[in-house]
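1. Okay, here's the prediction I keep looking at, along with the sequence it came from:
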Amino acid sequence: MRIAVIGGGPAGLYFAILMKRDFPASRITVVERNRADDTFGFGVVFSDATLDIFRAADEPSYRAITESFAYWDDIAIHAKGAVHRIGGNGFCGCSRRTLLLLLQDRARALGVELEYRREATPEDFPDADLIVAADGINSPIRERWRDHFRPEVDLRPNRFAWMGSTRPFDAFTFFFRERPEGIFIAHCYQYEKGASTWVLETDPETFARAGLDAMDEEQSARYLEDVFAEELQGHRLQTNRSNWRRFPAIRCASWVKDNIVLLGDAKASAHFSIGSGTKLAMEDSIALHQAFRAGGDVATCLSRFETSRREDVEKTQHAADVSLVWFEHVKRFWHFNPTQFAFGVMTRSKAITWDNLALRAPDFVTETQTLFAAEARGRGLPASDNKPPMFQPFALRGMQLANRVVVSPMDMYSAEDGLPDDFHFQHYTSRALGGAGLVFTEMTCVSPEARITPGCTGLWNDAQQAEWARIVDFVHARSASKICLQLGHAGRKGATKLMWDGMDQPLEAGAWPILSASPLPYYTQSQVPREMTRADMDAVREDFVTATRRGIAAGFDMLELHCAHGYLLASFLSPLTNIRTDEYGGSVENRLRFPLEVFAAMRAAWPKDKPMSVRISATDWKDGGLTDADCLAIARAFAAAGADLIDVSTGQTVHDAEPVYGRMFQLPWSDMIRNEAGIATLCVGNITTADQVNTILGAGRADLVALGRPHLTNPFFTMQAAAQYGVRDVACPPQYRWGKDALLRNEARNQADLRELRLKARPKSHAPAAQALPRAAE
């Protein structure tokens, strides 16, 4: 093969090395616009897991890298006058210049042609079978064929600059420093003796107040020396093209054009806060090399590379995106206790969790757990230092929950004429017996016309009230769970088929008239709703109040108003579904007017000692929809009207939304509302494990955690989680006591076995013998 690599950074060099080693007859040329020893920046970071990958890919270059690195095991977090050191991480730092020179030496030894100080384009290599565009984050090749590669560039708001220092470090270190101008962050690590990287970061408001936009490199370095004078310990900050920038989060719809393939930052970037840029680029090189080793022509190999590599890249980018957003909103967490703040730093990307930290840094997790319990006791609750966050009590008004686990509201579509039956009885009561602190009903409709489907439950007549009372009475008599009634009106998403027959698709027969804020159908084939008149609003409000009174009679502990997912009240809140020109449309205050009117009427009817919550869609996942500012205004307005909790969901407002799914994907909005609006939140959305529940609560990102699908297949999720953490006093019916005892015994053995397996599976430490220290598990 004839291979041309445009770009002589780590990605291009490493790919050339691997291909020349395994295809020695190939002619491979690497062309770089800069000099061989030019580098911009200071050090790079690799984890033990990444070094394992490098060792497997190419032993000689791995040895050269590890003989030239600085190794550390701890992450140190300095914030608010406290220092937390968390071990068991396993990272190495290496000079970027040294890394490039080592890879150049290895490439030359194998016979790769290296050319420097030369600009190149694909046309310079007319005989090339393969052209690798490893030409960096500002890739001219990507931009030249922008219409083909279809890059998306999200320029993030925070400002950052790469600087260096001679100050030594024995840990990857985060410094958080508050000044009158705002909060400054330093991401620091040593990469060789007498040399460390300092990535300085701040939000745009602090950047402007500090006047950094008017300073040159030297001036900004001197300013930051003053900010971090204590942390620098007398050392100076060094510059090397240390200009302030905004991070471009780059994604490309396509990585391949004919025989050209994008590699490294040219195709996808990952934020420096998880140290992944060079790692991602070199792992790209490994994947591309493996695609060619698998055989086939160039087109086949490039297709194989893009297909097999894309998921891993997107996972890394997702973790990096979640991490960078945490740093963008660090002010949100600044009021936290330093221990909880440090726990949030460690778990920000969702890659490190409660259980993971319990293995690698058990003392730190114990400190976090003890703090969580102490804060609960400070609110008058009977908390225990020996239980993780999910098993600490929580109270809203006069309702006290035994734990923080919630069975999410899930429509069963199994009622006839709105009447719950034996299926609903077993569905709700079995999950209460399973130990969850709070069980939600499905969206219970306030009138026949308020139903989503013919299978939806309701609460508009005596028979329905009696069936709900039977369920509530059993929950109260046989379990320690509390039960919340969720009331709603389908609006324009009403008169549709059962979910399994065609979700949100209009009924072909038997439909009823529907209402909405504006006469906009959900699908083009959907029924067009009637725009609500003032008389309609009065009637609907009274339907909600009547159902509320029936909920009181049925004995429910809590009441929730459904204002999410594009249903009637949500259709007022979103500008995508509310195009009214009267006092109920336009500004967010106007759009809130009718939902707040309904809530206020319900709150007036509902007992003062019982809590109420509101479910909202915090984003519509669609341009032109709800903004974060709208979301906060909505949460604050309901809180002022007497809501005790915001149930934070997202989307389902319009059929062509583009949600970004992932683990705990709705958590950022729960986090925002809780810590900026100052109201308790319930988070929900692809939360599947007890470990995730503890991580969310421990980091202060929600007060309660709802799980849906895990409870569908495992009503005893909470009891099993209690056994996992050795919590013995979770509620259990006396008839099931012997099963609970056996579960506790068996799970203790299972957890011991699992811990041993995790210890064995942790990445091997790559510390030189002189540096090797005892390590906690990954």
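-> That came in fine, so what should we check first?

2. Partner strands of the helix or strand harbouring residue 406, with direction?
-> In this structure, residue 406 sits in strand 405-407 according to DSSP states H and E. Looking at strand 405-407 with DSSP bridges, its partner strands are strand 438-445 (parallel), strand 704-707 (parallel).

3. Out of these, which gets nearest to residue 492?
-> With CB to CB as the measure, strand 438-445 is the member of the strands paired with strand 405-407 nearest residue 492 (14.3 Å). From N, CA and C alone the C-beta is placed, and that goes for glycine too.

4. now the strand holding residue 406, how far from the centre of its chain.
-> 20 Å (CA atoms, centre = their mean, to the nearest Å).

5. Residues contacting it, please?
-> With contacts defined as CB atoms under 8 Å, 6 or more residues apart in numbering, strand 405-407 is touched by 390, 431-432, 435-440, 682, 684, 693, 704-708, 711, 717-718, 721.

6. ok, now stretch 728-745?
-> By CB under 8 Å, 6+ apart, stretch 728-745 touches 391, 402-403, 433, 435, 478-481, 718-720, 722-723, 726.

7. quick one: which of the residues you listed has the most company?
-> residue 718 (31 neighbours; other CB atoms under 10 Å).

8. before we move on, back to that, do you know which of the strands paired with strand 405-407 lies nearest residue 667?
-> strand 704-707 (9.5 Å).

9. And the very next helix or strand once past the closest one, what's buried?
-> Sequence-wise, the next helix or strand downstream of strand 704-707 (DSSP H and E) is helix 709-713. Going by neighbour count (16 or more other CB atoms under 10 Å), the buried part of helix 709-713 is 710, 711.

10. check contacts around the residue nearest to residue 608 when sequence neighbours are not counted.
-> Nearest residue to residue 608, sequence neighbours excluded (CB to CB, 6 or more residues apart in numbering): residue 397, at 7.6 Å. Listed by CB under 8 Å, 6+ apart, the contact set of residue 397 reads 608, 609, 610, 611, 644.

11. quick one: which two of the contacts of stretch 728-745 are the most distant?
-> 478 and 726 (24.9 Å).

12. Pull out the buried positions in the helix or strand bottoming out on mean pLDDT in the chain.
-> Sorting the helices and strands of the chain by mean pLDDT, DSSP states H and E puts strand 70-72 at the bottom, at a mean of 82. Using 16+ other CB under 10 Å as the test for burial, strand 70-72 gives 70, 71, 72.

13. Quick check, residue 352 in contact with residue 343.
-> No - counting by CB atoms under 8 Å, residue 352 does not reach residue 343; the two are 9.8 Å apart.

14. Looking at these two, which has the bigger crowd around it?
-> When residue 352 and residue 343 are compared for neighbours, residue 343 comes out ahead with 29 against 21, by other CB under 10 Å.

15. List the single closest residue to the more buried one in space, sequence neighbours excluded.
-> In space, residue 343 is closest to residue 368, 4.8 Å off (CB to CB, 6+ apart).

16. I'd guess the one you found is in a helix, am I close?
-> Yes - using DSSP: H, G, I helix; E, B strand; the rest coil, the assignment for residue 368 is a helix.

17. Next, count neighbours for it.
-> By other CB under 10 Å, neighbour count at residue 368 equals 28.

18. and the gap between it and residue 342?
-> 8 Å (CB to CB, to the nearest Å).

19. before we move on, what about residue 694?
-> 16 Å.

20. How about residue 451?
-> 48 Å.

21. which residues touch residue 261?
-> Taking CB under 8 Å, 6+ apart, one finds 130, 131, 132, 133, 255, 288, 302, 305, 306 in contact with residue 261.

22. is it in a bridge, and if so with what?
-> Applying DSSP bridges, one finds that residue 261 bridges with residue 132, residue 256.

23. coming back round to it: for residue 83, find the nearest of the strands paired with strand 405-407.
-> Across the strands paired with strand 405-407, closest to residue 83 is strand 704-707 (CB to CB), at 29.8 Å.

24. Same list, the contacts of residue 261, but as TSV with neighbour count please.
-> Output for those, formatted as TSV (neighbours: other CB atoms under 10 Å):
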residue	neighbour count
130	22
131	23
132	29
133	28
255	24
288	28
302	22
305	22
306	20
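
25. TSV please, covering those residues and showing distance to residue 517.
-> Formatted as TSV, the contacts of residue 261 follow (distance: CB to CB, whole Å):
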residue	distance to residue 517
130	56
131	54
132	53
133	49
255	43
288	51
302	49
305	48
306	44
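
26. right, and the pair among those with maximum separation?
-> Going by CB to CB, the pair spanning these furthest: 131 and 306, at 15.1 Å.

27. partner strands of the top strand by length along the chain, parallel or antiparallel?
-> If you go by DSSP state E, the chain has its longest strand at strand 151-165. Strand 151-165 has the following sheet partners, assigned by DSSP bridges: strand 195-202 (antiparallel), strand 237-239 (antiparallel), strand 245-252 (antiparallel).

28. Please enumerate residues in contact with the shortest one?
-> Counting contacts by CB under 8 Å, 6+ apart, the residues outside strand 237-239 that touch it are 42, 163, 164, 165, 166, 198, 217, 218, 221, 222, 224, 225.

29. show me where the stretch 401-550 of the chain has helices.
-> For the stretch 401-550 of the chain, applying DSSP state H, counting those that start in this stretch gives helices covering 422-433, 462-478, 499-502, 534-554.

30. what about those, which gets the closest to residue 259?
-> helix 499-502 (44.9 Å).

31. From the chain's centroid, how far away is that closest one?
-> 29 Å.

32. swap in stretch 572-582?
-> Counting by CA atoms, centre = their mean, stretch 572-582 comes out at 29 Å from the chain centroid.
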